[in-house]
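>>> sequence unknown, structure follows:
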């Protein structure tokens, strides 16, 4: 079934560069009040729809995206250059046989996401 | 890039039947404190990770999923039987050339999602 992920925000257009880099997506045509991002040619994934809403963010988002890039440290640095910020330090956890580390980040409006590094 | 969608909740295991039906997914192996759902054989899509957190939901989620089933009315009814509830009435909007209708719903813990019907 086709899925979309919808992120409420105050200024959809301003978040496009950040989210395109975060997900490895490209901007798509859309309608007023929204900005849509889709996977690049040859990739699959849900549409990301940035949806303009009047109310500002309050509290921690209860739904967020994890991204699993090849190079997590470089990804975090790239997102910081696009207005993202780190929330706390890298978190390390032993899950099953493999280690996993992640950095919680916030987009320029404060929406959380996690950049995940798999220790093989 | 691989993506996961993480939904904070109080009782991950109890939400598995609802979210499996909502997304057309199947349960996957996971670790304590989490419940993971993945696309069925032959489908693609992000992992859905239900993550146990101590705090209850407050306010509207600022990130949510839209699902686009073949039969939206039947999908809403099926999710109601799994403990979901409708939030308000169907919303209708003219977007570009095509009409679109959606029903906002809440999972058994109140996490919002939208069931979208495309009027062709």
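Great, that's in hand. These figures come from a predicted structure and were not determined experimentally. Numbering: from 1, shown residues only, chains lettered A, B, ... in the order given.

>>> low-scoring stretches of chain A, by residue?
Scanning chain A for pLDDT under 70 picks out A:94-98, A:120.

>>> what does it put close to chain B?
A:1-8, A:23-24, A:31, A:43-46, A:49, A:57-59, A:61-69, A:95-96, A:111, A:114, A:116 (Cβ under 8 Å from any Cβ of the partner chain). To be clear about C-beta, it is placed using only N, CA and C from the backbone, and glycine gets the same treatment.

>>> Go again with 6 Å.
A:1-4, A:6-8, A:24, A:31, A:44-45, A:57, A:61-69, A:95 (Cβ under 6 Å from any Cβ of the partner chain).

>>> Mind checking what helix or strand follows the lengthiest helix in chain A in sequence?
Assignment by DSSP state H gives helix A:12-23 as the longest helix of chain A. Later in the chain than helix A:12-23, the nearest helix or strand by DSSP states H and E is strand A:25-28.

>>> Buried residues in that next one, which are they?
Neighbour counts over strand A:25-28 (16 or more other Cβ atoms under 10 Å in any protein chain shown) mark residue A:25 as buried.

>>> That one pairs with which strands, parallel or anti?
Next to strand A:25-28 in the sheet, as set by DSSP bridges, lie strand A:34-39 (antiparallel).

>>> can you state the direction angle for the partner strand and helix A:12-23?
Angle of strand A:34-39 versus helix A:12-23, following axes from the mean of the first three to the mean of the last three Cα atoms, to 10 degrees, is 20 degrees.
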